[in-house]
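Peer 1: Output the structure for:
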Amino acid sequence: MHKLAIARLSALVLFISLALPFALLRVSAAQDIVSVLYAGSLVTPMEGPVKAALLGKGIAFEGQPGGSKELANLIASGIRSPDVFISVNPALVKNLGDKVASATTFAGTSLGVAWAPASKYAAVFERAAKGDMPLQDALETPDLRIGRTDPKLDPKGAYTIAGVKMWLGDEQEQHLLGPEENPAQIFPEEDLLARVDTGQVDVGFFYRTEAIARKYPFIPLPGNAALTDRITYTLAIMKAAPHPQTAKTFADFILTSGGRDILTRAGITYLK
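Peer 2: Below is the predicted model:
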């Protein structure tokens, strides 16, 4: 029994000696982290190619998507303290005041409607995309389920109301969207794409960025109603960033390096 106990102890020591370098390697890798709160319209590229590219650089991307207003409120209240905040409304970053170390408004996109290729109303919107029927008529198709985000929590929800009013006027906007907080149309920013995917929503108001990243057909709202001059993304490095060096590395990656290429392919237009 004594020899068996010694053999077991030797095996345990050997296992620990072999496993320890790998454990230390994981701990070391875990030190290179960047925590990012970002506009939910960027979820597909952020959680896909951006995350993968950063991992290749030894940086673990810890992202949380959501409505920009909601995320800004989490930061302002101290509930969340990320390294970086990417908002689709520069004013939300400005309102965070001295919590922000630096901020760059770097890109923009346009507002419109998008649908899944498998949508049962795909043929209707394909006609609208070709100009064979007015977009307004397509959106007023009986029993069509329209999805949009909460204007109180997400800038896209507010942009949707502003864009439709600019396009159709106040009365027709009310006819199409109903009250601002219409529970039949409003879904969380991070859920709306999934609901279109599964057919729970037939068509949604999205940024061009989201449509391209998801491979959805997209029709911008007509003329100035697409709000191309107003919908811009701002990247802010937070003053109390837990990982300040990786925050700077991440910002450089998004603004000037490989991240810029990824987001450009995802439909974002970088500002000159």
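
Peer 1: Tell me, how many residues neighbour the closest residue to residue 121 other than its chain neighbours?
Peer 2: Leaving aside its sequence neighbours, residue 121 sits nearest to residue 202 (CB to CB, 6 or more residues apart in numbering; 4.9 Å). C-beta: built from backbone N, CA, C; applies to glycine. Neighbourhood size, residue 202 [other CB atoms under 10 Å]: 22.

Peer 1: residues touching residue 202, list them.
Peer 2: Each residue near residue 202 by CB atoms under 8 Å, 6 or more residues apart in numbering is listed here: 115, 119, 120, 121, 144, 145, 146, 196.

Peer 1: Give me the phi and psi for it.
Peer 2: Main-chain dihedrals, residue 202, degrees, to the nearest 10: phi -90, psi -40.

Peer 1: okay, it: pLDDT?
Peer 2: What the model reports as pLDDT for residue 202 is 97.

Peer 1: Narrow the contacts of residue 202 to those in strands?
Peer 2: Among those, the members falling in strands (DSSP state E) are residue 146.

Peer 1: Filter the contacts of residue 202 down to the buried ones, ChimeraX style.
Peer 2: The buried residues among the contacts of residue 202 can be selected in ChimeraX (16 or more other CB atoms under 10 Å) with this line:
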select :115,119,121,144,145,146,196
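
Peer 1: Quick check: the farthest pair among the contacts of residue 202?
Peer 2: Based on CB to CB, the longest span within those runs between 120 and 146 and measures 13.9 Å.

Peer 1: sorry, back to before: same list (the contacts of residue 202) but as CSV, adding distance to residue 33 and pLDDT.
Peer 2: Shown next, in CSV, are the contacts of residue 202 (distance: CB to CB, whole Å; pLDDT from 0 to 100):
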residue, distance to residue 33, pLDDT
115, 37, 97
119, 39, 94
120, 43, 94
121, 43, 97
144, 44, 97
145, 40, 97
146, 39, 98
196, 32, 95
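
Peer 1: residue ranges of the strands in the protein, please?
Peer 2: With DSSP E, the ranges of strands along the chain come out as 33-39, 60-66, 84-87, 100-108, 111-114, 146-147, 203-207, 218-220, 232-238, 269-270.

Peer 1: so where's the protein shaky on pLDDT?
Peer 2: Along the chain, segments meeting pLDDT under 70 span 1-31.

Peer 1: Which parts of it are helices?
Peer 2: Taking DSSP state H to define them, one finds helices in the chain at 2-30, 43-45, 51-56, 68-76, 90-94, 122-130, 135-139, 155-168, 170-177, 189-197, 208-214, 244-256, 258-265.

Peer 1: what comes up buried for the fourth one?
Peer 2: Residues 68, 69, 70, 71, 72, 73, 74, 75 are the ones in helix 68-76 that count as buried (16+ other CB under 10 Å).

Peer 1: now for it, which elements pack on it?
Peer 2: Judged by 3 or more CB pairs under 8 Å, 6 or more residues apart in numbering; DSSP states H and E, helix 68-76 is in contact with strand 33-39, strand 84-87, helix 90-94.

Peer 1: Most tightly packed of those?
Peer 2: The highest mean neighbour count among those, using mean count of other CB atoms under 10 Å, belongs to strand 84-87: a mean of 26.

Peer 1: so what secondary structure elements neighbour that one?
Peer 2: Applying 3+ CB pairs under 8 Å, 6+ apart, we find strand 84-87 packed against strand 33-39, helix 68-76, strand 232-238, helix 244-256.

Peer 1: go with 10 Å
Peer 2: In this structure, strand 84-87 packs against strand 33-39, strand 60-66, helix 68-76, helix 90-94, strand 100-108, strand 232-238, helix 244-256, with contacts taken as 3 or more CB pairs under 10 Å, 6 or more residues apart in numbering; DSSP states H and E.
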